[in-house]
Each structure stands twice: as structure tokens, then as C-alpha cells.
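Colleague: quick one, structure for this:
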Amino acid sequence: MQEMSLDDDGDDSGSESGFSTPSYRPSEEDLNFPDSEASSCASSPGIERRFCEDGSPLMGSQKVSSRAVRVTADTKPEDLKENSRGQLPELVLSKEERPAENIFQNIVNFRDVGVNYNRDSGKQSMKEHIFFRSGRLDAATTRDVEILVKKYDIKSVIDLRAETEGTAGEHTPFFPASPIDNRVAKAAAKSFALPTSTRKKTIIAKQEVLVLSNDSKRPGHRVTYHINFAGTNYRLNSAWRPLSLKNKYKVISAVVRGKKPEAVKIVGENVLEPYGLYGLNRDFILYCGMEIVEALKVMSVAEHYPLLVHCTQGKDRTGLICAMALHVCGAGDREIIMDYHRSQRGLNSQREIMVAEMRKNGLSAEFSDAPVEVIKETLRFVREQFGSIEKYLDKHGFNEFYRKALRKCLMNEVDDTACSSYLSPVLTETL
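Modeller: Below is the predicted model:
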């Protein structure tokens, strides 16, 4: 089958493309975030900063002093010298650096999936302001919570992280918990053959009451659905079994000594890092199908909206859930890739923190990126391995009954006659 690629203009052109040289890369305009989804920029105390929509400095209807300094990432301290009267120049934020209303302080990679899809596709087929994605919420400020409750009215949250990724545990985003707990450590110490995984229901619902001190209305209620995305099946098959005998001894020793971070780093350096980011997503597809479907089933209930799905970075685990949901709603690969790749910019404000966390886990900075080719190759892998995305979903229990329910939740109009076309294993838009 000949592949079709999209160039930056969005036109179709026949070409051969490999993993290392993707033929489609979204433009900056494609990846533009609205102000409500941009990273915040704190104001300096005592310094007034003025700007208008096009980034030009204004004071009321008057231009500010010619001494005003337009602040960018390249602004140097010597640019901010005092004048003869000891006054600092007025600081004017460039458009890309200016603050915006209703933006988050400590929640990264937040965006409205429906809004972006409609912009990317040039259609108005998806509902807007009901389906959101982001990075972790642990460090959310009071203001962040207020925005989630008042502006976005979030009723349900799907948290895809493992038990050790919250504020009380270690941040291990791509190998979320120790590859073996104490029970498995004892069994493995005897035979080095881990027991067969017993698949249990991994979703836990927890209702939370959000009370804002300045909220005179009734407190908001939110249900968080905890789904351990990289659960037992993934840990056994992707993280433990590929380890060499020597490294299995090291992992067991670290766990027995209570040094879980050390065990996690051994797995990261010796298994996940050689796999690379695409290998990580490939194994998510192979070993996390049940968890993917559980999240999609939560998303198939109209009463759960507005809904937010997140993991640690809001990039790979969240990205796969969103990719499946978009595909079910009829999105082509182009829109799915654009949605995934937006995380590259969405994580910029905390990139250094994320990279540091990756290094702690034995992983390179690559694992904090969201390159086009990773999601592109992951979609290709699903089709090659299972025949189609629909067959993959069917295999794990998300059949056409559930897919229709999801479409009704996320789409403005559901054309039942068109739904059957989604079952074709070959999309008209294959990248």
C-alpha cells in the first residue's frame, strides 16, 4: 500500500517516509495555543508591564516612554538600568511572554481537545469545552483549582498514573512503580520466573469535594478515576522480563533494601532507554490495552463531562487515550498527530524539571519530548499488528456499542450511517 504524506501546507503528496525523517510536521500556527492554554508568566512586584493584542506597548491610548524595555527570553540585566533619577524603565512583555487571563500557574500541557480538533480539521464536528487533557495536578495552586471548577467546570478526572507518582510517592513517569513488589521479589528470588499476572479491575473512583474560600455557592464535586495505566501486565512483560539475570539480581537487591528508586533506575537504563520513546508507546499498546479501554469507557458516559484526562506529563499515556478517542470520532492521523505534538510546546515551562526527573529514572531528555514520528509510528504499529485501530479496541472490549456512546459524548452530530466507515482497517488518510 502506498503511503500518503502531508506537507506543511496540508496538501496530499505521495512519498516514502521513514521513522527518522517524518514527512509531516505541524507548523507553529498549527500548534498555537489559545491564551487560556498558555503557560503563565508571573508579574514582577512593583513593576507595571503593558501590552496590547499585537504585542505593542500601550498606556491607555498613549504609547509608553521610548525607554520602555520589551522583555523577551533574551533580555539581559544591563538592559534594565536605572536612569539618573533612580527609576527603572517600564517593562513591556513581548506577545509570547505576556500573561493571560484564566491561565494556570502550576498545571502544564493543558488544552481543550475539541477546540483544537475543530481548528485543525476546519470542521465543527466535536463538542468544545467538555474534553480536556493536561499534565499532573499535584502542584495545582488554589487559583488553578478555582479555574478548573469555575471556568472549566471539570466534573470528572481520569488519572492514569501509578500509585507512586502522586505527591506522596516518587515521580517515575515511564516506569511508574517498582518492577516487583515484596511478594514478587520473594518469588523471583527463588526462581527468577515471575508468576503469571492475574488481571484485576484496575479502576478506582474517588469522589472529592472542592471548596473554594471565596466561593459563596455550593462546593464543587469532582470524581477522580484512578487507572494504573502501566499496570502489572506492562511491568511484567515490558520492564521485568527483558532484564538480564544480573540486573534482575540487582533489582531484587534494591527492592529488598528498600531502595525502589535504585531499582527503577536500573530498569530505566537497561530496558526503557534502549527501547526509546517509540518503544515505550509500542509496549503501551501491547500490554496496556485493558487500561486504555477502561479510560475510554469512563469517557463514554455523558454524565462524566466536562472531563479531564492526565498523567504526569500529559503526553504519552494521555496522548494514547486522546488518540484513540479522536480516531473513534473520525479524526484522521493528521489531526491526531497534531494533538500529540502540541505537548512539545505545552511542556516547555517545566521542561527542565521533567528532564531532571527522567534522568533520576535512568532516561534521557528524549522522554520529555513529543516528536511527530513517535505517534505516527505508534499508529502504524497498531494497524500492522492488529489490522486496524477498531480491531485493537474490539480485542480489548471497546466494541462498536461503546464507540457509538463515545461519539455521542464528544461529537456535535453522530451520523450512524457514517459510523460503519470507521471500521475500515485502511484509513483514507494514512501518514
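Colleague: what average pLDDT does stretch 227-245 get?
Modeller: Mean pLDDT, stretch 227-245: 91.
Colleague: that one: which residues count as buried?
Modeller: Residues 227-236, 238-240, 243 are the ones in stretch 227-245 that count as buried (16 or more other C-beta atoms under 10 Å). Every C-beta, even on glycine, is put in place using the N, C-alpha and C of the backbone.
Colleague: and of the residues you listed, the nearest to Val309?
Modeller: Checking the buried residues of stretch 227-245 against Val309 with C-beta to C-beta, the nearest one is Ile227 at 9.4 Å.
Colleague: isn't that closest one right next to Ile292, touching?
Modeller: No - checked against C-beta atoms under 8 Å, the pair Ile227 and Ile292 is beyond contact range at 9.0 Å.
Colleague: Thr318: neighbour count?
Modeller: 26 (other C-beta atoms under 10 Å).
Colleague: double-check that it belongs to a helix.
Modeller: Yes - counting by DSSP: H, G, I helix; E, B strand; the rest coil, Thr318 falls inside a helix.
Colleague: give me the distance between it and Arg241.
Modeller: 26 Å (C-beta to C-beta, to the nearest Å).
Colleague: regarding Phe132, what is its secondary structure?
Modeller: strand.
Colleague: no wait, Phe229
Modeller: Phe229 - assigned by three-state DSSP - is coil.
Colleague: surely it touches Asp316?
Modeller: No - between Phe229 and Asp316 there is no contact under C-beta under 8 Å: 9.3 Å.
Colleague: any shared contact partners between these two?
Modeller: Common neighbours of Phe229 and Asp316 (criterion: C-beta atoms under 8 Å, 6 or more residues apart in numbering): Phe284.
Colleague: show me the shaky parts of the chain.
Modeller: 1-102, 163-221, 415-431 (pLDDT under 70).
Colleague: report the residue ranges of every domain in it.
Modeller: 50-97, 102-423 (automatic domain parsing).
Colleague: how near is Lys123 to Ala405?
Modeller: In terms of C-beta to C-beta, Lys123 sits 21 Å off from Ala405.
Colleague: same thing with Pro306?
Modeller: 17 Å.
Colleague: so between those two, which is more surrounded?
Modeller: Between Pro306 and Ala405, Ala405 has the larger neighbour count (other C-beta under 10 Å), namely 19 against 16.
Colleague: now the more buried one: which helix or strand?
Modeller: Taking DSSP states H and E as the definition, Ala405 sits inside helix 400-410.
Colleague: residues in contact with Asp339?
Modeller: Counting by C-beta under 8 Å, 6+ apart, Asp339 has contacts Val113, Asn116, Tyr117, Asp120, Gly319, Cys322, Ala323, Leu326.
Colleague: that one and Asp112, how far apart?
Modeller: Taking C-beta to C-beta, one finds Asp339 at 11 Å from Asp112.
Colleague: next: Ala302.
Modeller: Going from Ala302 to Asp112 by C-beta to C-beta gives 18 Å.
Colleague: between these two, which has more neighbouring residues?
Modeller: The neighbour comparison of Ala302 against Asp112 (other C-beta under 10 Å) goes to Asp112, with 22 against 11.
Colleague: specify the beta-bridge partners of the more buried one.
Modeller: Phe132 (DSSP bridges).
Colleague: still on that earlier bit, now, the most widely separated pair of the buried residues of stretch 227-245?
Modeller: Ile227 and Leu243 (25.6 Å).
Colleague: re earlier: for Asp138, state which of the contacts of Asp339 is nearest.
Modeller: Closest to Asp138, out of all of those and judged by C-beta to C-beta, is Gly319, at 19.3 Å.
Colleague: can you count the residues close to the closest one?
Modeller: Neighbours of Gly319 using other C-beta under 10 Å come to 27.
Colleague: and the one 3 residues further on, by the same measure?
Modeller: Here the count is done by other C-beta under 10 Å, and Cys322 has 24 residues near it.
Colleague: going forward, the N-terminal residue is numbered 9.
Modeller: Got it, the first residue is 9 from now on, which makes the last one we talked about Cys330.
Colleague: what's downstream of the helix or strand harbouring it, the next helix or strand?
Modeller: In the assignment (DSSP H and E), Cys330 maps to helix 325-336. Downstream of helix 325-336, the first helix or strand assigned by DSSP H and E is helix 341-354.
Colleague: give me the distance between the nearest residue to Phe389 once chain neighbours are set aside and Tyr242.
Modeller: Among residues not flanking Phe389 along the chain, Arg290 sits closest, at 5.4 Å (C-beta to C-beta, 6 or more residues apart in numbering). Distance of Arg290 to Tyr242, given as C-beta to C-beta: 11 Å.
Colleague: tell me where the protein has strands.
Modeller: 12-14, 20-22, 77-79, 99-101, 119-120, 139-142, 164-167, 211-218, 228-235, 315-318 (DSSP state E).
Colleague: and Val153, how far is that from Tyr160?
Modeller: Distance of Val153 to Tyr160, given as C-beta to C-beta: 11 Å.
Colleague: contact partners for the closest residue to Phe139 other than its chain neighbours?
Modeller: Spatial nearest neighbour of Phe139, excluding adjacent residues (C-beta to C-beta, 6+ apart): Val121 at 4.6 Å. Contacts for Val121 (C-beta under 8 Å, 6+ apart) come out as Met134, Phe139, Phe140, Arg141, Cys330, Ala333, Leu334, Asp347.
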